[in-house]
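1. My questions are about this predicted structure, shown below with the sequence.
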Amino acid sequence: MIYKKIAMGFAAIVAIVIALGIASQKQLTEIASDMDSLYKHPFTVSNAAKSINFHLVSMHRHMKDVVLAQNATQMEWAVTKVAQHERHALAEFAIIFERFLGEQEQINQTYQSFVDWQPIRNEVISLMRNGNQRDASEITTGKGATHVAKLNHEVSELVEFAYSKAELFHGRAIKRKEHALIVNSVFSGLAVILVMAFSVYVFRSLKEANKDRIRRNHLIDQHIMLATLDKSGNIIDASNALCRFLGCLKADLIGRPSRFFDNSENTEKLASDIFKIINTGQQWQGEIQHRADDGNIYWATSSILPNFDEHYNILNFTNILNDITNKKLSNVDKLTALPNRRSFDELLAQELRSAKRHSYNLSLAILDIDFFKKYNDCYGHPQGDAALKQVAQRLMACLKRPNDYIFRIGGEEFAFIFSRASTAESNNFLDILRKEIEALHIQHQESNVSNYLTISVGAYVLSPHETLSAHELYIAADKALYQAKVERNNVVTECESTQVLSKTG
(Lines give C-alpha, C1' and ligand atoms only; values in the text may rest on other atoms or scores of the structure.)
Protein backbone atom coordinates (compact mmCIF):
# COMPACT_ATOMS: atom_id res chain seq x y z
CA MET A 1 0.00 0.00 0.00
CA ILE A 2 2.80 2.39 0.89
CA TYR A 3 4.53 1.79 -2.43
CA LYS A 4 1.33 2.61 -4.32
CA LYS A 5 1.02 5.90 -2.45
CA ILE A 6 4.65 6.77 -3.18
CA ALA A 7 4.16 6.05 -6.88
CA MET A 8 1.03 8.21 -6.99
CA GLY A 9 2.82 11.02 -5.23
CA PHE A 10 5.68 11.05 -7.67
CA ALA A 11 3.27 10.91 -10.60
CA ALA A 12 1.63 14.04 -9.21
CA ILE A 13 5.05 15.72 -8.90
CA VAL A 14 5.84 14.96 -12.54
CA ALA A 15 2.49 16.38 -13.62
CA ILE A 16 3.08 19.54 -11.60
CA VAL A 17 6.57 20.04 -13.04
CA ILE A 18 5.24 19.65 -16.61
CA ALA A 19 2.50 22.17 -15.90
CA LEU A 20 5.12 24.50 -14.46
CA GLY A 21 7.15 24.33 -17.68
CA ILE A 22 4.10 25.17 -19.81
CA ALA A 23 3.06 28.09 -17.64
CA SER A 24 6.60 29.32 -16.92
CA GLN A 25 6.16 32.71 -18.62
CA LYS A 26 3.18 33.62 -16.50
CA GLN A 27 4.64 32.19 -13.29
CA LEU A 28 7.98 33.97 -13.65
CA THR A 29 6.23 37.34 -13.84
CA GLU A 30 4.53 36.56 -10.54
CA ILE A 31 7.77 35.26 -9.06
CA ALA A 32 9.46 38.54 -9.97
CA SER A 33 6.74 40.36 -8.05
CA ASP A 34 7.30 38.06 -5.05
CA MET A 35 11.02 38.73 -5.27
CA ASP A 36 10.28 42.46 -4.97
CA SER A 37 8.78 41.82 -1.54
CA LEU A 38 11.47 39.32 -0.58
CA TYR A 39 14.37 41.72 -1.16
CA LYS A 40 12.67 44.42 0.87
CA HIS A 41 13.22 42.31 4.01
CA PRO A 42 16.52 41.67 5.87
CA PHE A 43 18.50 38.55 5.17
CA THR A 44 21.07 36.62 7.11
CA VAL A 45 22.60 39.61 8.91
CA SER A 46 19.29 41.01 10.10
CA ASN A 47 18.12 37.56 11.23
CA ALA A 48 21.39 37.02 13.08
CA ALA A 49 21.17 40.47 14.67
CA LYS A 50 17.58 39.83 15.79
CA SER A 51 18.70 36.51 17.23
CA ILE A 52 21.46 38.29 19.14
CA ASN A 53 18.91 40.71 20.57
CA PHE A 54 16.79 37.76 21.66
CA HIS A 55 19.74 36.09 23.38
CA LEU A 56 20.72 39.39 25.03
CA VAL A 57 17.25 39.72 26.51
CA SER A 58 17.32 36.07 27.59
CA MET A 59 20.77 36.47 29.17
CA HIS A 60 19.60 39.54 31.08
CA ARG A 61 16.47 37.71 32.21
CA HIS A 62 18.47 34.73 33.45
CA MET A 63 20.85 37.08 35.24
CA LYS A 64 17.78 38.23 37.16
CA ASP A 65 17.12 34.57 37.90
CA VAL A 66 20.68 34.35 39.26
CA VAL A 67 19.97 37.27 41.62
CA LEU A 68 16.59 35.85 42.66
CA ALA A 69 17.86 32.28 43.16
CA GLN A 70 16.81 30.75 46.47
CA ASN A 71 19.62 28.21 46.60
CA ALA A 72 22.86 27.23 44.88
CA THR A 73 21.15 24.76 42.53
CA GLN A 74 18.77 27.41 41.17
CA MET A 75 21.61 29.89 40.80
CA GLU A 76 23.88 27.47 38.94
CA TRP A 77 21.00 26.51 36.66
CA ALA A 78 20.48 30.20 35.78
CA VAL A 79 24.25 30.67 35.26
CA THR A 80 24.21 27.72 32.85
CA LYS A 81 21.32 29.28 30.93
CA VAL A 82 23.23 32.58 30.65
CA ALA A 83 26.24 30.69 29.25
CA GLN A 84 24.04 28.85 26.74
CA HIS A 85 22.53 32.05 25.38
CA GLU A 86 25.99 33.66 25.29
CA ARG A 87 27.28 30.81 23.10
CA HIS A 88 24.32 31.20 20.74
CA ALA A 89 24.90 34.95 20.53
CA LEU A 90 28.61 34.41 19.74
CA ALA A 91 27.63 31.99 16.97
CA GLU A 92 25.36 34.67 15.47
CA PHE A 93 28.20 37.21 15.69
CA ALA A 94 30.33 34.79 13.66
CA ILE A 95 27.67 34.84 10.94
CA ILE A 96 27.56 38.65 10.97
CA PHE A 97 31.37 38.91 10.77
CA GLU A 98 31.24 36.67 7.70
CA ARG A 99 28.25 38.26 5.93
CA PHE A 100 28.23 41.91 7.01
CA LEU A 101 28.78 44.24 4.03
CA GLY A 102 29.19 47.51 5.93
CA GLU A 103 32.17 49.04 7.73
CA GLN A 104 34.05 46.48 9.79
CA GLU A 105 34.46 49.05 12.55
CA GLN A 106 30.71 49.06 13.16
CA ILE A 107 30.50 45.32 13.82
CA ASN A 108 33.76 45.41 15.81
CA GLN A 109 32.29 48.09 18.09
CA THR A 110 29.09 46.09 18.62
CA TYR A 111 31.04 42.91 19.32
CA GLN A 112 33.27 44.73 21.81
CA SER A 113 30.19 46.02 23.61
CA PHE A 114 29.00 42.41 23.88
CA VAL A 115 32.37 41.32 25.28
CA ASP A 116 32.34 44.25 27.73
CA TRP A 117 29.14 42.88 29.28
CA GLN A 118 30.93 39.72 30.43
CA PRO A 119 32.77 41.34 33.37
CA ILE A 120 29.47 42.79 34.62
CA ARG A 121 27.87 39.36 34.44
CA ASN A 122 30.82 37.68 36.15
CA GLU A 123 30.76 40.29 38.92
CA VAL A 124 27.07 39.59 39.62
CA ILE A 125 27.64 35.81 39.67
CA SER A 126 30.63 36.19 41.96
CA LEU A 127 28.64 38.39 44.37
CA MET A 128 25.80 35.85 44.47
CA ARG A 129 28.15 32.97 45.10
CA ASN A 130 29.56 34.97 48.00
CA GLY A 131 26.04 35.61 49.33
CA ASN A 132 25.92 39.34 48.43
CA GLN A 133 22.50 39.44 46.80
CA ARG A 134 21.86 43.13 47.41
CA ASP A 135 24.92 44.35 45.44
CA ALA A 136 24.29 41.76 42.75
CA SER A 137 20.73 43.02 42.35
CA GLU A 138 21.84 46.66 42.12
CA ILE A 139 24.36 45.83 39.38
CA THR A 140 21.84 43.76 37.44
CA THR A 141 19.17 46.45 37.44
CA GLY A 142 21.70 49.27 37.16
CA LYS A 143 24.72 49.22 34.96
CA GLY A 144 23.89 45.72 33.72
CA ALA A 145 20.51 46.76 32.35
CA THR A 146 21.99 50.01 30.93
CA HIS A 147 24.72 48.12 29.12
CA VAL A 148 22.25 45.60 27.66
CA ALA A 149 20.03 48.45 26.41
CA LYS A 150 23.03 50.12 24.75
CA LEU A 151 24.02 46.83 23.16
CA ASN A 152 20.49 46.23 21.90
CA HIS A 153 20.58 49.65 20.23
CA GLU A 154 23.86 48.88 18.48
CA VAL A 155 22.56 45.54 17.23
CA SER A 156 19.42 47.26 15.94
CA GLU A 157 21.64 49.51 13.79
CA LEU A 158 23.00 46.36 12.15
CA VAL A 159 19.43 45.36 11.29
CA GLU A 160 18.77 48.76 9.71
CA PHE A 161 21.91 48.46 7.60
CA ALA A 162 20.80 45.00 6.40
CA TYR A 163 17.49 46.49 5.31
CA SER A 164 19.29 49.06 3.17
CA LYS A 165 21.34 46.33 1.52
CA ALA A 166 18.13 44.42 0.79
CA GLU A 167 16.96 47.39 -1.27
CA LEU A 168 20.10 47.13 -3.39
CA PHE A 169 19.55 43.41 -3.95
CA HIS A 170 15.97 44.14 -4.95
CA GLY A 171 17.15 46.28 -7.84
CA ARG A 172 19.46 43.56 -9.04
CA ALA A 173 16.62 41.01 -8.91
CA ILE A 174 14.57 42.98 -11.41
CA LYS A 175 17.44 42.87 -13.92
CA ARG A 176 17.81 39.13 -13.50
CA LYS A 177 14.14 38.45 -14.19
CA GLU A 178 14.50 38.37 -17.98
CA HIS A 179 17.47 36.04 -17.77
CA ALA A 180 15.54 33.73 -15.43
CA LEU A 181 12.70 33.43 -17.97
CA ILE A 182 15.04 31.73 -20.44
CA VAL A 183 16.84 29.56 -17.94
CA ASN A 184 13.60 28.40 -16.31
CA SER A 185 12.38 26.75 -19.51
CA VAL A 186 15.57 24.68 -19.77
CA PHE A 187 15.55 23.62 -16.13
CA SER A 188 11.86 22.71 -16.21
CA GLY A 189 12.62 20.06 -18.82
CA LEU A 190 15.58 18.80 -16.84
CA ALA A 191 13.49 18.70 -13.67
CA VAL A 192 11.03 16.27 -15.26
CA ILE A 193 13.85 13.87 -16.13
CA LEU A 194 15.50 14.18 -12.72
CA VAL A 195 12.25 13.66 -10.81
CA MET A 196 11.47 10.53 -12.78
CA ALA A 197 14.95 9.13 -12.14
CA PHE A 198 14.74 10.07 -8.50
CA SER A 199 11.35 8.38 -8.22
CA VAL A 200 12.86 5.09 -9.29
CA TYR A 201 15.79 5.52 -6.90
CA VAL A 202 13.64 6.44 -3.92
CA PHE A 203 11.22 3.59 -4.58
CA ARG A 204 14.06 1.07 -4.52
CA SER A 205 15.66 2.71 -1.49
CA LEU A 206 12.43 2.65 0.48
CA LYS A 207 11.97 -0.99 -0.31
CA GLU A 208 15.43 -1.81 1.04
CA ALA A 209 14.97 0.52 4.01
CA ASN A 210 11.75 -1.23 4.94
CA LYS A 211 13.57 -4.57 4.94
CA ASP A 212 16.28 -3.08 7.16
CA ARG A 213 13.66 -1.61 9.48
CA ILE A 214 11.99 -4.98 9.90
CA ARG A 215 15.36 -6.61 10.65
CA ARG A 216 16.29 -3.89 13.15
CA ASN A 217 12.92 -4.09 14.88
CA HIS A 218 13.37 -7.83 15.22
CA LEU A 219 16.83 -7.40 16.72
CA ILE A 220 15.52 -4.74 19.13
CA ASP A 221 12.59 -6.93 20.12
CA GLN A 222 14.84 -9.91 20.82
CA HIS A 223 17.83 -8.23 22.45
CA ILE A 224 16.74 -4.93 24.05
CA MET A 225 14.49 -4.80 27.11
CA LEU A 226 12.08 -2.07 26.04
CA ALA A 227 8.55 -1.03 26.98
CA THR A 228 6.16 1.76 26.07
CA LEU A 229 4.05 3.04 28.98
CA ASP A 230 1.06 5.35 29.01
CA LYS A 231 0.88 8.43 31.24
CA SER A 232 -0.47 6.32 34.11
CA GLY A 233 2.40 3.85 33.87
CA ASN A 234 0.33 1.11 32.23
CA ILE A 235 2.07 -1.07 29.63
CA ILE A 236 1.25 -0.26 26.00
CA ASP A 237 3.90 -2.50 24.43
CA ALA A 238 6.89 -4.58 25.53
CA SER A 239 9.75 -6.34 23.74
CA ASN A 240 10.20 -10.10 23.93
CA ALA A 241 13.58 -9.52 25.55
CA LEU A 242 11.83 -7.75 28.44
CA CYS A 243 9.23 -10.54 28.63
CA ARG A 244 12.03 -13.09 29.04
CA PHE A 245 13.59 -11.00 31.81
CA LEU A 246 10.24 -10.79 33.62
CA GLY A 247 9.41 -14.45 32.96
CA CYS A 248 6.06 -13.84 31.24
CA LEU A 249 4.40 -13.40 27.84
CA LYS A 250 3.61 -10.09 26.16
CA ALA A 251 -0.10 -10.82 26.45
CA ASP A 252 0.34 -10.99 30.23
CA LEU A 253 1.72 -7.43 30.28
CA ILE A 254 -0.27 -5.31 27.83
CA GLY A 255 -2.72 -2.99 29.57
CA ARG A 256 -1.50 -3.75 33.08
CA PRO A 257 0.27 -1.39 35.53
CA SER A 258 4.01 -1.60 35.03
CA ARG A 259 5.12 -0.30 38.45
CA PHE A 260 8.21 0.33 36.34
CA PHE A 261 8.94 -3.43 36.60
CA ASP A 262 10.05 -3.17 40.24
CA ASN A 263 8.29 -5.41 42.77
CA SER A 264 10.64 -4.93 45.71
CA GLU A 265 9.53 -3.75 49.14
CA ASN A 266 10.31 -0.20 48.02
CA THR A 267 8.21 -0.33 44.87
CA GLU A 268 5.50 2.17 45.95
CA LYS A 269 7.98 4.85 46.98
CA LEU A 270 10.11 4.23 43.89
CA ALA A 271 7.11 4.58 41.57
CA SER A 272 6.10 7.82 43.32
CA ASP A 273 9.62 9.22 42.98
CA ILE A 274 9.78 8.26 39.31
CA PHE A 275 6.43 9.91 38.51
CA LYS A 276 7.56 13.12 40.21
CA ILE A 277 10.44 13.32 37.74
CA ILE A 278 9.04 12.03 34.44
CA ASN A 279 5.75 13.95 34.75
CA THR A 280 7.81 17.15 34.62
CA GLY A 281 9.29 16.11 31.27
CA GLN A 282 12.63 14.92 32.62
CA GLN A 283 14.33 11.55 32.15
CA TRP A 284 14.65 9.21 35.15
CA GLN A 285 17.56 6.82 35.57
CA GLY A 286 18.16 4.31 38.32
CA GLU A 287 17.99 0.65 39.30
CA ILE A 288 15.01 -1.65 39.72
CA GLN A 289 14.68 -5.00 41.49
CA HIS A 290 12.40 -7.75 40.23
CA ARG A 291 11.54 -10.92 42.11
CA ALA A 292 10.49 -13.72 39.76
CA ASP A 293 7.80 -16.29 40.52
CA ASP A 294 10.51 -18.82 41.38
CA GLY A 295 11.83 -16.49 44.12
CA ASN A 296 14.99 -15.43 42.30
CA ILE A 297 15.83 -11.73 42.37
CA TYR A 298 17.00 -9.87 39.28
CA TRP A 299 18.35 -6.33 38.91
CA ALA A 300 18.33 -3.94 35.97
CA THR A 301 19.29 -0.38 35.23
CA SER A 302 16.27 1.57 34.05
CA SER A 303 15.90 4.71 31.93
CA ILE A 304 12.44 6.24 31.49
CA LEU A 305 12.09 8.94 28.83
CA PRO A 306 8.99 11.06 28.18
CA ASN A 307 7.70 11.20 24.60
CA PHE A 308 6.15 14.50 23.48
CA ASP A 309 3.71 15.68 20.84
CA GLU A 310 4.38 18.68 18.61
CA HIS A 311 3.32 21.01 21.44
CA TYR A 312 5.66 19.27 23.91
CA ASN A 313 2.82 17.72 25.86
CA ILE A 314 3.70 14.29 27.26
CA LEU A 315 2.18 11.48 25.16
CA ASN A 316 3.68 8.43 26.87
CA PHE A 317 6.95 7.05 28.18
CA THR A 318 9.68 4.78 26.85
CA ASN A 319 11.27 2.49 29.45
CA ILE A 320 14.65 0.97 28.54
CA LEU A 321 16.19 -1.61 30.88
CA ASN A 322 19.52 -3.40 31.04
CA ASP A 323 20.04 -6.61 33.02
CA ILE A 324 22.81 -6.15 35.62
CA THR A 325 21.99 -9.18 37.76
CA ASN A 326 25.38 -10.87 37.28
CA LYS A 327 27.26 -7.68 38.09
CA LYS A 328 25.00 -7.02 41.08
CA LEU A 329 25.50 -10.48 42.51
CA SER A 330 29.28 -10.13 42.26
CA ASN A 331 29.07 -7.01 44.44
CA VAL A 332 26.60 -8.27 47.06
CA ASP A 333 27.27 -10.13 50.29
CA LYS A 334 25.21 -13.33 50.07
CA LEU A 335 24.41 -13.60 53.78
CA THR A 336 23.20 -10.04 54.47
CA ALA A 337 22.34 -8.91 50.90
CA LEU A 338 24.41 -5.77 51.61
CA PRO A 339 27.04 -4.51 49.15
CA ASN A 340 30.34 -6.28 49.83
CA ARG A 341 33.96 -5.17 50.21
CA ARG A 342 34.44 -4.88 46.47
CA SER A 343 31.48 -2.48 46.23
CA PHE A 344 32.83 -0.57 49.23
CA ASP A 345 36.24 -0.02 47.62
CA GLU A 346 34.68 1.16 44.35
CA LEU A 347 32.11 3.47 45.94
CA LEU A 348 34.48 4.96 48.51
CA ALA A 349 36.85 6.07 45.74
CA GLN A 350 33.91 7.43 43.74
CA GLU A 351 32.41 9.34 46.66
CA LEU A 352 35.82 10.71 47.62
CA ARG A 353 36.29 12.16 44.14
CA SER A 354 32.80 13.66 44.23
CA ALA A 355 33.34 15.21 47.68
CA LYS A 356 36.59 16.83 46.54
CA ARG A 357 35.07 18.04 43.29
CA HIS A 358 32.01 19.60 44.93
CA SER A 359 33.71 20.63 48.20
CA TYR A 360 31.65 18.93 50.90
CA ASN A 361 32.39 16.76 53.95
CA LEU A 362 32.61 12.98 53.54
CA SER A 363 32.13 10.72 56.56
CA LEU A 364 33.41 7.13 56.72
CA ALA A 365 32.40 4.96 59.68
CA ILE A 366 33.59 1.42 60.49
CA LEU A 367 31.15 -0.60 62.66
CA ASP A 368 32.20 -3.73 64.55
CA ILE A 369 29.96 -6.07 66.56
CA ASP A 370 31.29 -6.31 70.10
CA PHE A 371 32.58 -9.71 71.27
CA PHE A 372 31.13 -11.46 68.23
CA LYS A 373 33.55 -14.39 68.49
CA LYS A 374 32.24 -15.05 71.97
CA TYR A 375 28.70 -14.82 70.59
CA ASN A 376 29.44 -17.49 67.98
CA ASP A 377 31.16 -19.69 70.54
CA CYS A 378 28.19 -19.36 72.89
CA TYR A 379 25.22 -19.56 70.51
CA GLY A 380 26.71 -21.26 67.46
CA HIS A 381 27.48 -20.02 63.95
CA PRO A 382 23.91 -20.43 62.56
CA GLN A 383 22.66 -18.12 65.31
CA GLY A 384 25.59 -15.81 64.58
CA ASP A 385 24.54 -15.64 60.92
CA ALA A 386 20.98 -14.82 61.98
CA ALA A 387 22.29 -12.03 64.21
CA LEU A 388 24.35 -10.61 61.34
CA LYS A 389 21.23 -10.53 59.16
CA GLN A 390 19.26 -8.70 61.85
CA VAL A 391 22.01 -6.14 62.30
CA ALA A 392 22.28 -5.63 58.53
CA GLN A 393 18.53 -5.14 58.17
CA ARG A 394 18.42 -2.57 60.97
CA LEU A 395 21.40 -0.68 59.53
CA MET A 396 19.77 -0.69 56.10
CA ALA A 397 16.56 0.70 57.63
CA CYS A 398 18.56 3.65 58.93
CA LEU A 399 19.47 4.77 55.42
CA LYS A 400 17.52 7.98 54.89
CA ARG A 401 19.22 9.75 52.00
CA PRO A 402 20.18 8.65 48.45
CA ASN A 403 23.89 9.15 49.22
CA ASP A 404 23.91 7.02 52.41
CA TYR A 405 25.60 3.64 51.87
CA ILE A 406 26.08 0.62 54.16
CA PHE A 407 28.41 -2.34 53.40
CA ARG A 408 29.47 -5.59 54.99
CA ILE A 409 33.23 -5.50 54.54
CA GLY A 410 34.11 -8.70 56.34
CA GLY A 411 33.06 -10.95 59.23
CA GLU A 412 31.22 -8.86 61.81
CA GLU A 413 32.51 -5.57 60.35
CA PHE A 414 30.39 -3.07 58.44
CA ALA A 415 31.18 0.27 56.79
CA PHE A 416 28.96 3.33 56.46
CA ILE A 417 29.55 6.18 53.94
CA PHE A 418 27.55 9.40 54.09
CA SER A 419 28.16 13.02 53.08
CA ARG A 420 27.47 16.69 53.83
CA ALA A 421 27.43 16.20 57.61
CA SER A 422 29.53 18.03 60.19
CA THR A 423 31.59 16.15 62.75
CA ALA A 424 28.92 16.67 65.41
CA GLU A 425 26.11 15.63 63.08
CA SER A 426 28.05 12.54 62.04
CA ASN A 427 28.67 11.53 65.65
CA ASN A 428 24.99 12.02 66.59
CA PHE A 429 23.83 9.96 63.62
CA LEU A 430 26.24 7.12 64.37
CA ASP A 431 25.20 7.08 68.00
CA ILE A 432 21.62 6.60 66.81
CA LEU A 433 22.84 3.55 64.86
CA ARG A 434 24.55 2.24 67.99
CA LYS A 435 21.35 2.58 70.02
CA GLU A 436 19.26 1.02 67.23
CA ILE A 437 21.42 -2.14 67.27
CA GLU A 438 21.29 -2.48 71.05
CA ALA A 439 17.52 -1.92 70.85
CA LEU A 440 17.21 -5.13 68.81
CA HIS A 441 17.63 -6.92 72.17
CA ILE A 442 19.62 -9.79 70.72
CA GLN A 443 20.71 -11.69 73.84
CA HIS A 444 24.49 -11.83 74.37
CA GLN A 445 25.31 -13.23 77.78
CA GLU A 446 29.04 -13.30 77.03
CA SER A 447 29.24 -9.53 76.42
CA ASN A 448 31.17 -7.45 78.92
CA VAL A 449 29.25 -4.23 78.21
CA SER A 450 25.58 -5.15 77.82
CA ASN A 451 23.08 -7.98 78.06
CA TYR A 452 22.42 -7.50 74.36
CA LEU A 453 24.41 -7.48 71.15
CA THR A 454 26.12 -4.08 70.68
CA ILE A 455 28.44 -2.36 68.21
CA SER A 456 31.44 -0.10 68.43
CA VAL A 457 31.80 2.63 65.81
CA GLY A 458 34.83 4.57 64.64
CA ALA A 459 34.45 7.35 62.11
CA TYR A 460 36.48 10.02 60.37
CA VAL A 461 34.93 13.16 58.83
CA LEU A 462 37.00 14.34 55.87
CA SER A 463 36.80 18.06 55.12
CA PRO A 464 36.98 19.34 51.51
CA HIS A 465 40.52 20.75 51.82
CA GLU A 466 42.08 17.51 53.12
CA THR A 467 43.97 15.37 50.62
CA LEU A 468 43.59 11.89 52.10
CA SER A 469 43.36 8.98 49.68
CA ALA A 470 40.62 6.35 50.01
CA HIS A 471 43.09 4.02 51.74
CA GLU A 472 44.24 6.75 54.13
CA LEU A 473 40.65 7.66 54.95
CA TYR A 474 39.92 4.02 55.76
CA ILE A 475 42.96 3.86 58.05
CA ALA A 476 41.81 7.03 59.85
CA ALA A 477 38.33 5.55 60.45
CA ASP A 478 39.86 2.25 61.55
CA LYS A 479 42.02 4.08 64.12
CA ALA A 480 38.87 5.72 65.50
CA LEU A 481 37.27 2.26 65.71
CA TYR A 482 40.28 1.06 67.70
CA GLN A 483 39.64 3.90 70.16
CA ALA A 484 35.93 3.03 70.35
CA LYS A 485 36.68 -0.64 71.10
CA VAL A 486 38.65 0.34 74.19
CA GLU A 487 35.33 0.71 76.03
CA ARG A 488 32.98 -1.04 73.51
CA ASN A 489 29.33 -0.11 72.79
CA ASN A 490 30.81 3.23 71.92
CA VAL A 491 31.13 5.85 69.13
CA VAL A 492 34.32 7.77 68.41
CA THR A 493 34.23 10.38 65.65
CA GLU A 494 37.42 12.11 64.59
CA CYS A 495 38.26 14.89 62.19
CA GLU A 496 41.33 16.89 61.26
CA SER A 497 40.87 19.49 64.03
CA THR A 498 39.45 17.24 66.75
CA GLN A 499 41.21 14.05 67.85
CA VAL A 500 38.13 12.53 69.52
CA LEU A 501 34.81 14.36 69.40
CA SER A 502 32.93 12.27 71.93
CA LYS A 503 32.48 8.88 73.44
CA THR A 504 28.98 7.64 73.91
CA GLY A 505 28.18 4.41 75.62
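-> Now that the structure is in, tell me what you want to look at.

2. measure Val202 to Ile18 for me?
-> Counting by Cβ to Cβ, to the nearest Å, the gap from Val202 to Ile18 is 19 Å. For the C-beta atoms, the positions are set from N, CA and C on the backbone; glycine is no exception.

3. can you map out the strands along this protein?
-> 225-229, 235-238, 284-291, 297-308, 314-323, 362-369, 405-410, 413-419, 455-462, 491-495, 503-504 (DSSP state E).

4. so can I have CSV of these showing distance to Val57, mean neighbour count and mean pLDDT?
-> Below are these laid out as CSV (distance: least, Cβ to Cβ, whole Å; neighbours: other Cβ atoms under 10 Å; pLDDT from 0 to 100):
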stretch, distance to Val57, mean neighbour count, mean pLDDT
strand 225-229, 39, 21, 94
strand 235-238, 41, 19, 94
strand 284-291, 33, 17, 90
strand 297-308, 26, 17, 91
strand 314-323, 29, 18, 94
strand 362-369, 42, 25, 96
strand 405-410, 45, 21, 94
strand 413-419, 39, 22, 95
strand 455-462, 45, 27, 96
strand 491-495, 48, 27, 95
strand 503-504, 58, 16, 48
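
5. got JSON lines for those, with distance to Val391 too?
-> Output for those, formatted as JSON lines (distance: least, Cβ to Cβ, whole Å):
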{"stretch": "strand 225-229", "distance to Val391": "35"}
{"stretch": "strand 235-238", "distance to Val391": "39"}
{"stretch": "strand 284-291", "distance to Val391": "22"}
{"stretch": "strand 297-308", "distance to Val391": "21"}
{"stretch": "strand 314-323", "distance to Val391": "31"}
{"stretch": "strand 362-369", "distance to Val391": "7"}
{"stretch": "strand 405-410", "distance to Val391": "9"}
{"stretch": "strand 413-419", "distance to Val391": "8"}
{"stretch": "strand 455-462", "distance to Val391": "7"}
{"stretch": "strand 491-495", "distance to Val391": "16"}
{"stretch": "strand 503-504", "distance to Val391": "18"}
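
6. Pro382 is nearest to which of the ones you listed?
-> With Cβ to Cβ as the criterion, Pro382 lies closest to strand 362-369 of the strands of the chain, at 16.0 Å.

7. Identify the residues contacting the residue minimising distance to the centre of the chain.
-> Note on the chain: the residue nearest the mean C-alpha position is Gln283, at 6.9 Å, using Cα atoms, centre = their mean. Residues in contact with Gln283 (Cβ atoms under 8 Å, 6 or more residues apart in numbering) are Ile277, Ser303, Ile304, Leu305, Pro306.

8. hang on, Leu270 packs against Phe260?
-> Yes: with contact defined as Cβ atoms under 8 Å, Leu270 and Phe260 form a contacting pair (6.9 Å).

9. So those two - more neighbours on which side?
-> Each of Leu270 and Phe260 has its neighbours counted (other Cβ atoms under 10 Å); Phe260 has more, 24 against 20.

10. ok, now which ones touch that one?
-> Contact partners of Phe260, counting by Cβ under 8 Å, 6+ apart, are Leu229, Gly233, Leu270, Ala271, Ile274, Ile288, Ser302, Ile304, Asn319.

11. before we move on, what about Gln383?
-> Gln383 neighbours (Cβ under 8 Å, 6+ apart): Tyr375, Asn376.

12. And it, how far from Ala69?
-> Gln383 sits 56 Å away from Ala69, going by Cβ to Cβ.

13. again with Asp230
-> Per Cβ to Cβ, Asp230 is found 36 Å from Ala69.

14. which one of the two has more residues nearby?
-> Higher neighbour count among Asp230 and Ala69: Ala69, with 18 against 13, using other Cβ under 10 Å.

15. The residue lying closest to that one once chain neighbours are set aside - how many residues pack around it?
-> Of all residues not flanking Ala69 in the chain, Met75 sits nearest, at 3.6 Å (Cβ to Cβ, 6 or more residues apart in numbering). Per other Cβ under 10 Å, the neighbour tally for Met75 reads 20.

16. Use 14 as the first number from now on
-> With the count now opening at 14, the last piece we talked about shows up as Met88.

17. surely Met88 meets Met76?
-> No: here Met88 lies out of contact with Met76, judged by Cβ under 8 Å, at a distance of 10.7 Å.

18. quick one: low-confidence parts of the stretch 64-213 of the chain?
-> By pLDDT under 70, the low-scoring segments of the stretch 64-213 of the chain are 113-114, 171-172, 174-176, 178-200, 203-204, 207, 211.

19. quick one: contacts for Leu141?
-> Not quite, residue 141 is Met, not Leu. Met141 makes contacts with Val79, Val80, Ala82, Met88, Ala149, as judged by Cβ under 8 Å, 6+ apart.

20. Counting neighbours, what do you get for the residue lying closest to it once chain neighbours are set aside?
-> With Cβ to Cβ, 6+ apart as the criterion, Met141 has its nearest non-adjacent residue at 4.9 Å, and that residue is Ala149. When neighbours are defined as other Cβ under 10 Å, Ala149 has 25 of them.

21. which residues does Ala149 contact?
-> Residues counted as contacts of Ala149 (Cβ under 8 Å, 6+ apart) are Val79, Val80, Val137, Ile138, Leu140, Met141.

22. show me the contacts for the fifth one.
-> Contacts of Leu140 were listed using Cβ under 8 Å, 6+ apart, and they are Gln146, Asp148, Ala149, Ile152.

23. ok, so of those, who is nearest Ser432?
-> Closest approach to Ser432 among the contacts of Leu140 (Cβ to Cβ): Gln146, at 26.9 Å.

24. show me what contacts that closest one?
-> So Gln146 contacts Val80, Leu140 (Cβ under 8 Å, 6+ apart).

25. Distance check, it against Asp78.
-> Per Cβ to Cβ, Gln146 is found 12 Å from Asp78.

26. Kindly report the same for Ser469.
-> 49 Å.

27. what do you get for His457?
-> Between His457 and Asp78 the computed distance is 58 Å (Cβ to Cβ).

28. Could you do Gln119 as well?
-> 32 Å.

29. One more: Ala378?
-> To Asp78, Ala378 is 39 Å away according to Cβ to Cβ.

30. gap between stretch 311-321 and the chain center?
-> Distance of stretch 311-321 from its chain centroid, counting by Cα atoms, centre = their mean, to the nearest Å, is 13 Å.

31. How about stretch 478-497?
-> Taking Cα atoms, centre = their mean, the mean C-alpha location of stretch 478-497 is offset from the chain mean by 33 Å.

32. from memory Gln458 sits against Asp390, does it?
-> No: assessed by Cβ under 8 Å, Gln458 is found out of contact with Asp390, at 11.4 Å.

33. okay, the contacts of Ala149 in CSV with distance to Glu509 next?
-> Shown next, in CSV, are the contacts of Ala149 (distance: Cβ to Cβ, whole Å):
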residue, distance to Glu509
Val79, 34
Val80, 36
Val137, 34
Ile138, 31
Leu140, 30
Met141, 29
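
34. circling back: need the pLDDT of the residue nearest to the centre of the chain.
-> Looking at Gln296, its pLDDT stands at 95.

35. Touching, Ala368 and Leu475? I think so.
-> Yes: between Ala368 and Leu475 there is a contact at 6.9 Å, judged by Cβ under 8 Å.

36. who touches both of the two?
-> Here Ala368 and Leu475 have Asn374, Leu375 as joint contacts, going by Cβ under 8 Å, 6+ apart.

37. How many residues are close by the closest residue to Asp234 other than its chain neighbours?
-> Using Cβ to Cβ, 6+ apart and skipping residues adjacent in sequence, the residue nearest Asp234 is Ser252, 4.7 Å away. By the criterion of other Cβ under 10 Å, Ser252 has 21 neighbours.
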